[in-house]
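Participant: output the structure for:
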Amino acid sequence: MTEISEKRAFPVKIGTVELYCEKMTMTAETILNVNPTINGTAVMTNKCRRLTKFSFTGRVYNKEKPMFLAGLANNLNGTENVEIIYKDLRFGRCTITGYSAIDSGEDYIELTINAATSSIAYFLEGVTE
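Facilitator: Here you go, the predicted structure:
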């Protein structure tokens, strides 16, 4: 029997914005340069670690000024050296690469913030694995 669990939004700190994240994606890749040898086999000649890209989607709430955080995301767009803290990971030197905000007339707006970084992930205290 499959057990059903209730998923709760988890707060993520993106610079000065706190977003109650309901969906997160993180992707990274390494580019490999491969050249043929004289007998036709391949040999890896170089590799380059590319950017880690993030997308965070969730709810933001501000009773007095509901669009304030969307305006803040707009002002962060293109900003460098933003710190992102998500669960037990911290990423420094992030660049905000885009955002989208949806106002559906509720007491919150749905906000998606996209970011990228070339820095490594730092594990916050208390992580043992």
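Participant: I'd like to know how far Phe99 sits from Val34.
Facilitator: Actually, residue 99 is Tyr rather than Phe. Counting by C-beta to C-beta, to the nearest Å, the gap between Tyr99 and Val34 amounts to 37 Å. Where C-beta positions appear, they are placed from N, C-alpha and C, glycine not excepted.
Participant: tell me which residues in the lowest-mean-pLDDT helix or strand in the chain are buried?
Facilitator: Within the chain, no helix or strand scores below helix 68-76, which has a mean of 84 by mean pLDDT, DSSP states H and E. If you call a residue buried by 16 or more other C-beta atoms under 10 Å, then helix 68-76 has these buried ones: 69-70, 72-73, 76.
Participant: which SSE is immediately downstream of that helix?
Facilitator: The C-terminal neighbour of helix 68-76 among helices and strands, as given by DSSP states H and E, is strand 82-86.
Participant: what strands line up against the helix or strand following that next one, and which way round?
Facilitator: Sequence-wise, the next helix or strand downstream of strand 82-86 (DSSP H and E) is strand 89-102. Partner strands for strand 89-102, per DSSP bridges, with pairing direction: strand 82-86 (antiparallel), strand 109-117 (antiparallel), strand 121-123 (antiparallel).
Participant: the longest one to helix 68-76, inter-axis angle?
Facilitator: Orientation check (axes from the mean of the first three to the mean of the last three C-alpha atoms, to 10 degrees): strand 109-117 against helix 68-76 gives 30 degrees.
Participant: just how off-centre is strand 109-117 within its chain?
Facilitator: Put simply, strand 109-117 sits 7 Å off its chain's centre (C-alpha atoms, centre = their mean, to the nearest Å).
Participant: what about it, average pLDDT?
Facilitator: Throughout strand 109-117, pLDDT has a mean value of 93.
Participant: so what's the residue nearest the centre of the chain scoring on pLDDT?
Facilitator: Residue closest to the average C-alpha location in the chain (C-alpha atoms, centre = their mean): Phe54, at 2.7 Å. We have a pLDDT of 94 for Phe54.
Participant: perfect, I'm done here.
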